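Pasting a predicted model and its sequence here:
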Amino acid sequence: MRIPVFLAAMAVTAPAMAAPLCDDLGFAGLLAACNRGDPIELTLASGQPLGEDVVLQSGAYYKMNITADGSAELAIEGPSFFRAIWMNEIVINKIEIRPMAVDSIEFDKAGTAELSFIAIKPGAHVIRIPGSQGDSQQITVQIQ
């Protein structure tokens, strides 16, 4: 059967997919231990750098630990980052939260929040302290 030229021009190939970090994901799927990247550490402290830029693999599982020292009431925001991941859970004081969406997280006192997620959407995403101006008050998360 001959395909008309205009239909052949419309044919597209499937987009390139990023591979998970391991071949045998097993029963746990993308949450398997072999599919976990290095933890990401962020520090919320008055006048201190937030953290370092990171590169993540799409399809891999990560944990982000956000620790506030209580020196000021501080938050982080990163709407494009939070929309580029699938959030598994946020753990605060041993309480597990499974949110549908997150826009920001604010700390009134010292403490740690642990986010676990799957990186999904490739691109550069900024996480920053709202209202801050300095480059050290934000990080770029590059998802490949």
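Great, that's in hand.

Which parts of this protein are strands?
Assignment of strands within the chain using DSSP state E yields the ranges 40-44, 54-56, 61-68, 74-77, 85-92, 95-97, 104-107, 111-119, 123-128, 138-143.

nearest to residue 23, of these?
Nearest of those to residue 23, taken as CB to CB: strand 61-68 at 15.0 Å. C-beta here means a position set from N, CA and C on the backbone, and glycine is covered the same way.

coming back round to it: so which of the strands of the chain gets nearest residue 32?
Here strand 61-68 is closest among the strands of the chain (CB to CB), at 7.7 Å.

May I see the buried residues of that closest one?
61, 62, 63, 64, 66, 68 (16 or more other CB atoms under 10 Å).

And that strand, how far out from the chain middle?
Remark: strand 61-68 is offset 9 Å from the chain centroid, using CA atoms, centre = their mean, to the nearest Å.

Begin at 43, not 1, for the rest of this chat.
Sure, I'll start counting at 43 from here, so that last one is strand 103-110.

And for that strand, what's in contact with it?
Under the contact criterion CB atoms under 8 Å, 6 or more residues apart in numbering, strand 103-110 has outside partners 72-74, 77-87, 98, 116, 118, 130, 147, 149, 151-161.
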